[in-house]
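>>> attaching a predicted model along with its sequence, questions to come.
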Amino acid sequence: MKRSVKNNVSWVGWLDWELETFHGDDFSIHNGSSQNAYLIEEEKTVLIDTVWAPHRFEFVENLKSVLGDLHRIDFIVANHGEIDHSGSLPALLDAIPGTPVYCTANAVKSLEGQFGKRGWNFRVVKTGDSVDVGNGKKLIFVEMPMLHWPDSMATYLTGDNILFSNDAFGQHYAVEELFNDRADSCVLWREAMKYYANILTPFSAQAKRKLAEIAALKLPFDIIAPSHGAIWRDDPMQIVRAYAKWCDAYQEDQITIAYDTMWEATAKIAHALAEEIARQSPATIVKVFNVAKADKNDVMTEVFKSRAIAVGSPTVGNDILSSVSGWLSFLKSLKFRNKKAAAFGAYGWSGECVKVLQARLADAGFIVVPENVRVLWNPTETDFAQLLALAAALLKRE
Ligand code: FEO
């Protein structure tokens, strides 16, 4: 089974409706996902990427039934070595040994690192290199280092003007009909943003440079075909425009409050702070999450949209709750920039929570405001009154 993408280009990937997590259990999947592989059948037959190892036998069988003979494949392009796209290469190359694999020098390292030195016929390419596929068309390679691995690259098919962008511009979203104009637009954009926020945010500086470099090539894009989720066929540049905004210290008029609580005192502060922010600035969107219960990837997507955050935890063991501590580790790894943060929390005796939270938030790259609310046992009217200054500090635009 193959599905037409455009002219002699087809989708031969894997729709994974039942996938629940990705990257181990580190990325939540709410709407399925896909591993998109593509087949180009011009004078040359070219496979762009493969699918994750659990699906390798079905993938190879499907290619065999589509092509009749796997030896019809002239070469393979491996845009990225991560196993959701390379996991079927061992099974495929066992069937057609010696078939050239076009990839970056770093992909040779990542593929051999994961699968061992198997004597694969690598053809190392770099940005601007190209290879003819016949009928006047060629593939042009563009290295995409750290988007999101050192080995990543994109491949552009001239004539059909298709950019096979691999992970960039993707979403963990299963779309049976494949294309963005057939997808639920709300889900599509939520998933595209979640994907960027949770996977690509740390590499925003590289994304910004790469977008400028791709724009300078002045290539027309009729289709952007990522390796996950919907294929951008209707106005494909809309996702490029979104990335241009997202990679530039993106923020909306939103404040997100993230906390955990032991006996509800910290929870009371969190919700009172939300009310105070909404009172002082009705235009600002305010969202509140208990990080021990909420999906961490969804919360990070809300942080991505926020111009400021407030983080709360009670003091426990001279520190903060492990749920908040783990969440702060994830927050730091995403390298958000140009966002304010504040701390709050309750305590019964030693009371280190605010000091710890402020240090962790500063370490995560946030601009920490000194205003805070530190409550002994349960919040009093005096404590609630301090929320006025805390909300004002978070809302203030420098
Ligand atoms: Fe970086 Fe979809 O693999």
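Cool, the structure landed.
>>> longest strand in this protein, by residue count?
strand 367-376 (DSSP state E).
>>> average pLDDT for that one, rounded please.
Across strand 367-376, pLDDT averages out at 98.
>>> now do the helix or strand following that strand against strand 367-376, angle only.
As assigned by DSSP states H and E, the chain's next helix or strand after strand 367-376 is helix 381-395. Between helix 381-395 and strand 367-376, the angle comes out at 170 degrees (axes from the mean of the first three to the mean of the last three CA atoms, to 10 degrees).
>>> which strands or helices does helix 381-395 pack on?
helix 265-280, strand 308-312, strand 340-347, strand 367-376 (3 or more CB pairs under 8 Å, 6 or more residues apart in numbering; DSSP states H and E). (Glycine included, C-beta is placed from N, CA and C.)
>>> is the nearest residue to D129 once chain neighbours are set aside bridged to anything, and to what?
Among residues not flanking D129 along the chain, F141 sits closest, at 5.0 Å (CB to CB, 6 or more residues apart in numbering). For F141, the beta-bridge partners under DSSP bridges are T155.
>>> for F141, what are its contacts?
Listed by CB atoms under 8 Å, 6 or more residues apart in numbering, the contact set of F141 reads Y102, T104, V125, K126, T127, G128, D129, S130, M153, A154, T155, Y156.
>>> and those residues, which is closest to V286?
A154 (38.2 Å; CB to CB).
>>> per-residue pLDDT, the closest one?
97.
>>> show me what contacts the residue in the chain that the ligand sits nearest to?
Nearest residue of the chain to the ligand (CB to the nearest ligand atom) works out as E82 at 3.6 Å. By CB under 8 Å, 6+ apart, the contact list for E82 reads S110, W149, D167.
>>> and if you look at A341?
Applying CB under 8 Å, 6+ apart, the residues contacting A341 are A308, I309, A310, V311, L361, A364, F366, I367, V368, V369.
>>> what's the nearest residue to it if we skip its chain neighbours?
Closest to A341 by CB to CB, 6+ apart is F366, at 3.7 Å.
>>> can you get me a residue count around that neighbour?
23 (other CB atoms under 10 Å).
>>> go on, K287?
18.
>>> likewise for the one 4 residues further on?
Here the neighbour count serves as a burial measure; for V291 (other CB under 10 Å) it reads 23.
>>> quick check: which of the helices and strands packed on helix 381-395 is buried the most?
strand 308-312 (a mean of 29; mean count of other CB atoms under 10 Å).
>>> tell me how far F141 lies from F164.
Distance of F141 to F164, computed by CB to CB, to the nearest Å: 10 Å.
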